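Chemist: This is the structure alone, sequence omitted:
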Ligand SMILES: [Zn+2]
């Protein structure tokens, strides 16, 4: 698989607004959600913004903190085009970190992380979305 480029569509939408926390909130409130992987500590879904139609690949990771009960969580939202979305859909529940790596995603994406014992942060990033440890 190849070609995880950022599509041009959706650039003026609130889901792409400058403030990453507001963009994420907008997406959470205005989305069509299709879950591909739904494990208790790892989740992959395709999310469509209902306002502009932009498709996002979202991955969510959770690592249990058995000592202090401050579980780390992270999620990222990477805009993809519909063609790539169809290919991911065909992989379905077999999508994992290796499959995501094969997509060679590279571009602007939204990252939200809650590190254990630290302040959460939300920001626009550029490049390849990282994988986080999860249980
Ligand atoms: Zn949008």
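Modeler: Cool, the structure landed. Since the structure is predicted, the reported quantities are computational estimates derived from the model, not experimental observations.
Chemist: wait, doesn't residue 32 sit right on residue 53?
Modeler: No. Applying Cβ atoms under 8 Å, one finds residue 32 not in contact with residue 53, separated by 9.5 Å. Every C-beta, even on glycine, is put in place using the N, C-alpha and C of the backbone.
Chemist: Next, give phi and psi for residue 87.
Modeler: Note on residue 87: backbone dihedrals following degrees, to the nearest 10 are phi -70, psi -40.
Chemist: That one and the ion: what is the separation?
Modeler: Noted for residue 87: a distance of 21 Å to the ion, by Cβ to the ion, to the nearest Å.
Chemist: cool, and residue 104?
Modeler: From residue 104 to the ion the distance is 24 Å (Cβ to the ion).
Chemist: The closest residue to residue 100 other than its chain neighbours: neighbour count?
Modeler: Closest residue to residue 100 apart from its sequence neighbours, by Cβ to Cβ, 6 or more residues apart in numbering: residue 59 at 6.7 Å. The number of residues packed near residue 59 is 24, by other Cβ atoms under 10 Å.
Chemist: Enumerate the residues of this structure near the ion.
Modeler: 10, 13, 15, 49, 51, 52, 54 (Cβ under 5 Å from the ion).
Chemist: Can you say which of those are buried?
Modeler: Buried subset of those (neighbour count, 16 or more other Cβ atoms under 10 Å): 10, 13, 15, 49, 54.
Chemist: Before we go further, the third one is sitting in a helix, right?
Modeler: Yes. Inclusion of residue 15 in a helix is indicated when DSSP: H, G, I helix; E, B strand; the rest coil is applied.
Chemist: Now do the contacts for the nearest residue to it once chain neighbours are set aside.
Modeler: Of all residues not flanking residue 15 in the chain, residue 49 sits nearest, at 4.3 Å (Cβ to Cβ, 6+ apart). Contacts for residue 49 were tallied using Cβ atoms under 8 Å, 6 or more residues apart in numbering; they are 10, 13, 15, 26, 27, 30, 31, 55, 56.
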